[in-house]
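In: My questions are about this predicted structure, shown below with the sequence.
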Amino acid sequence: MTSTSEILNAHLPCPDCGSSDALTEYTDGHTYCFSCETHHNYNEEKPKTTDSSFISDMTLKPLKARGITESTCRKYQYYYTNYKGQPCQVANYYDEYGTLVGQKLRFKDKSFAIKGKLSTTFFGQQLYNNGVRLIITEGEIDCLTVSQLLGNQEPVVSIPCGVQSARKVFEANLKWLEGFDEVVVVFDNDEAGRKGAQDIEGILSPDKLRIATLKQYKDPNEYYLADKGNELLEALENAKKVTPENIINADTLLDDLLEEPEEVTGYSLPWAVKAEKMIRGVRKGEITMLTAGTGIGKSTMIRELGYHLVMKHGLKIGSMMLEENVLRTSKGYIGLYLNKPVHLSRKGISNEKFTEAFTNTLGTGNFIMYNHFGSLDNNSILKGIRYMAVTEKCDFILIDHISIAVSGIESNNERKLIDILMTRLRQLCEELGVGLICICHLKRGDGKKSAEEGGSISLEDLRGSQAIAQLSDTIIALERNQQADSDVKKNLVQIRVLKCRQTGDTGIGGKLWFNKEKNRLEVPDADLINDIERDEEVPEF
């Protein structure tokens, strides 16, 4: 149910963290602290308000129900008292100079009140200045428990106001914490405890923080009461050093290296050209980018690649052809099977022949289509990629093209949008292991020979964002002179490898010829190349 409550009182003291003005009370009775982020519902027992006048009439005695001795309580200044007619326990908090700065009162019903301010002080902090190992628990009772198990000889403290305050108190006492060789955190075995441990990662200097994992019981005192103190001490000894999850010591990688194939499998190109050897095929988990001028043959080439991956290698592909509908895309694949431009005309192709082509291509179930219904949205495209990779188990996904993939977003900054899209595509590649074969356009020429007239292409010609060049693994450019004086020359395509992270090879990767009758890209025979070269050698008058 949506709350319609309004602010009743603001800038109140918080009984959870001791903040003097971060608590807000609402008309339905619930409260929220903007410092420690603690929320109390209106039907919960209200925490008792903060009162800064400290209690002095206190009694020292053991916590029998918790198994804590009087000597342990004396060391940590943990007492019994009566407060407003109710018995309670008192945990005294001191600053680094030994001055009492706060008291936490714990009542039988597990509610509590705070006197003074606790938000930036560890319980027991005044007892220790430095040492080899510091142990930090989630609450005072657990602090007393662990200290007692260690003979009250080792530094043990606890955070003041629950795990949500852990990061704040760590940051406030960083210099003090750095005085210990290692800091072992043993929070409760629950979701809040695990999140609290994650929140403090990265605060201390490298190799200092260690996390103890509790498995059998919720907290240290439960271990102690179950006569499992030795298991608790073992968990503390085996606390794991914390490093960011994306940082790996290479000395752990031997088994992975021995199991890793010598080379990631690359799937061949449809043509026996030099580029095949230069890039050693297309690979899953990588982004292969195709680029060329307008009308040069990018869509034709990406369609040939997808068709080849299915028909030759038995893979499954997803087609996100964003400039055409799924029927046009389907005709393209059927046309490759028939060696006919069926998207232009089905003349001479019987229904039986067409059905045969469909059955052997689209009918295999290995061609998955993205139906954009004329509406393009960045997030829906990314969701489509994830669905194709995870649910449909596609090995490769074709995207034609990058610029139109962000065109449905209202923004005047195409470069920034492509930056974001490329970063997300890179993340999906790494996460899902799917191969992406994409098309990007070229920006308009700056005076040099245009790509549509056979001009050479470089990485700086890619349109939209440097992220395309930086995050793609392989980039292949197609160069063709649409304005050549013969149909043969017009349809001759030069392949140029602009980047290959796998091999490092770049340069001219051979030639292809577009056979208009078959609607196919083919490797030109030697006679065709020789005829073209002879024509180019004839001087013009």
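Out: Looks like it arrived, so ask away. Numbering: from 1, shown residues only.

In: tell me the pLDDT at Asp190?
Out: Per-residue pLDDT puts Asp190 at 89.

In: That one reaches Lys218, doesn't it?
Out: Yes: with contact defined as CB atoms under 8 Å, Asp190 counts as touching Lys218 (6.4 Å). Every residue, glycine included, has its C-beta placed from N, CA and C.

In: and the longest helix for this protein?
Out: Longest helix in the chain by number of residues, with DSSP state H as the criterion: helix 414-432.

In: tell me which residues in that one are buried?
Out: By neighbour count on 16 or more other CB atoms under 10 Å, the buried set for helix 414-432 is 414, 417-419, 421-422, 425-426, 428-429, 432.

In: elements contacting it?
Out: Counting contacts by 3 or more CB pairs under 8 Å, 6 or more residues apart in numbering; DSSP states H and E, helix 414-432 packs against strand 287-292, helix 378-390, helix 402-405, strand 435-440, helix 466-471.

In: Tell me the gap between that helix and the middle of its chain.
Out: Distance of helix 414-432 from the chain centroid (CA atoms, centre = their mean, to the nearest Å) equals 11 Å.

In: Show me the shaky parts of the stretch 151-300 of the chain.
Out: Within the stretch 151-300 of the chain, the segments meeting pLDDT under 70 span 243-247, 261-265.

In: Give me the pLDDT value at the spatially closest residue to Cys440 that is not a sequence neighbour.
Out: Distances taken as CB to CB, 6 or more residues apart in numbering place Ile402 nearest to Cys440, at 4.5 Å, with adjacent residues excluded. Predicted confidence (pLDDT) at Ile402: the value is 78.

In: For Glu182, which of the helices and strands packed on helix 414-432 is the nearest?
Out: Closest to Glu182 of the helices and strands packed on helix 414-432, according to CB to CB: helix 466-471, at 38.9 Å.

In: Pull the residues that contact the closest one.
Out: Contact with helix 466-471 is made by 287, 289, 402, 418-419, 422-423, 425-426, 440, 459, 462, 475, 498-499, as judged by CB atoms under 8 Å, 6 or more residues apart in numbering.

In: 6 Å - rerun?
Out: With CB atoms under 6 Å, 6 or more residues apart in numbering as the contact definition, helix 466-471 has outside contacts at 419, 422, 426, 440, 459, 462.

In: Just after that helix, pick out the following helix or strand.
Out: Using DSSP states H and E, the helix or strand that follows helix 466-471 in sequence is strand 474-479.

In: what about dumping the CA coordinates of that following strand to PDB?
Out: Output of strand 474-479 as PDB, limited to C-alpha atoms (Å, rounded to 0.1, in the frame of the first residue of the first chain):
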ATOM      1  CA  THR A 474      37.900  -6.600 -34.600                       C
ATOM      2  CA  ILE A 475      37.000  -3.900 -37.000                       C
ATOM      3  CA  ILE A 476      36.600  -4.600 -40.800                       C
ATOM      4  CA  ALA A 477      36.100  -1.900 -43.400                       C
ATOM      5  CA  LEU A 478      34.700  -2.400 -46.900                       C
ATOM      6  CA  GLU A 479      35.900   0.000 -49.700                       C
END
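
In: can you give me the angle that strand makes with strand 435-440?
Out: 40 degrees (axes from the mean of the first three to the mean of the last three CA atoms, to 10 degrees).

In: Report the angle between strand 474-479 and strand 287-292.
Out: Counting by the same axes, to 10 degrees, strand 474-479 lies at 10 degrees to strand 287-292.

In: Strand 474-479 pairs with which strands?
Out: Partner strands for strand 474-479, per DSSP bridges, with pairing direction: strand 287-292 (parallel), strand 492-500 (antiparallel).

In: Max pairwise distance over the contacts of helix 466-471: which two?
Out: Longest distance between any two of these is 16.9 Å, between Arg426 and Leu459; criterion CB to CB.

In: From Leu225, how far off is Asp473?
Out: 57 Å (CB to CB, to the nearest Å).

In: any idea how far the residue positioned nearest the centre of the chain is from Leu382?
Out: In the chain, the C-alpha closest to the average C-alpha coordinate belongs to Gln427, at a distance of 6.9 Å (CA atoms, centre = their mean). Distance of Gln427 to Leu382, computed by CB to CB: 9 Å.

In: same question, Met320
Out: Met320 is 11 Å from Leu382, by CB to CB.

In: Give me the more crowded residue out of those two.
Out: Shown here are Met320 and Leu382; by other CB atoms under 10 Å, Met320 has more neighbours (22 against 16).

In: which residue packs closest to that one, ignoring adjacent ones?
Out: Closest residue to Met320 apart from its sequence neighbours, by CB to CB, 6+ apart: Tyr370 at 4.1 Å.

In: Now that we're looking at the one you found, what pLDDT does it have?
Out: 88.

In: Counting neighbours, what do you get for it?
Out: A count of nearby residues for Tyr370, using other CB under 10 Å, gives 20.

In: Give me the helix or strand of this protein that scores worst on average pLDDT.
Out: Least confident element among the helices and strands of the chain, by mean pLDDT, DSSP states H and E: strand 7-12 (a mean of 57).

In: The stretch 51-200 of the chain: strands as residue ranges?
Out: 78-83, 86-94, 100-107, 112-116, 131-137, 156-158, 180-186 (DSSP state E, counting those that start in this stretch).

In: Out of the ones you listed, the one nearest Thr24 is which?
Out: strand 112-116 (17.2 Å).

In: ok, that closest one: who's next to it in the sheet?
Out: Strand pairing for strand 112-116, using DSSP bridges, gives strand 100-107 (antiparallel).

In: Let me see the mean pLDDT of the strand it pairs with.
Out: Mean predicted lDDT for strand 100-107 stands at 91.

In: Residues in contact with it: which ones?
Out: In contact with strand 100-107 (CB under 6 Å, 6+ apart) are residues 54, 83, 86, 88-95, 112-118.

In: Show the buried residues in those residues.
Out: With neighbours counted by 16+ other CB under 10 Å, the contacts of strand 100-107 contain buried members at 83, 88-94, 112-118.

In: before we move on, back to that, now render the helices and strands packed on helix 414-432 as a markdown table, adding distance to Cys161.
Out: Putting the helices and strands packed on helix 414-432 into a markdown table (distance: least, CB to CB, whole Å) gives the following:
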| stretch | distance to Cys161 |
| --- | --- |
| strand 287-292 | 47 |
| helix 378-390 | 39 |
| helix 402-405 | 47 |
| strand 435-440 | 48 |
| helix 466-471 | 43 |
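
In: Where among the ones you listed is average confidence lowest?
Out: Ranked by mean pLDDT, the helices and strands packed on helix 414-432 bottom out at helix 402-405, with a mean of 71.

In: what helices or strands is that one leaning on?
Out: Helices and strands touching helix 402-405, by 3 or more CB pairs under 6 Å, 6 or more residues apart in numbering; DSSP states H and E: there are none.

In: what's in contact with that helix?
Out: The contact list for helix 402-405 (CB under 6 Å, 6+ apart) reads 322, 381, 438, 440-441, 464.

In: List just the nearest of those to Asp487.
Out: Nearest to Asp487 among those, with distances taken as CB to CB, is His441, at 25.2 Å.

In: Find the residue closest to that closest one in space, skipping its chain neighbours.
Out: Nearest to His441 is Arg463, by CB to CB, 6+ apart, at 4.6 Å.

In: What pLDDT is listed against that neighbour?
Out: Note on Arg463: pLDDT of 78.

In: That one reaches Lys443, doesn't it?
Out: Yes: the criterion here is CB atoms under 6 Å, and Arg463 meets it with Lys443 at 4.1 Å.

In: what about the two, which has more around it?
Out: Legend: neighbour count by other CB under 10 Å for Arg463 and Lys443, higher for Arg463 (17 against 11).

In: Where does the prediction get shaky in the stretch 1-150 of the chain?
Out: Residues of the stretch 1-150 of the chain that meet the cut-off, pLDDT under 70, sit at 1-22, 25-29, 34-52.

In: Run through the helices of it in chain order.
Out: Listed in chain order, the helices found in the stretch 1-150 of the chain under DSSP state H, counting those that start in this stretch are 70-76, 140-149.
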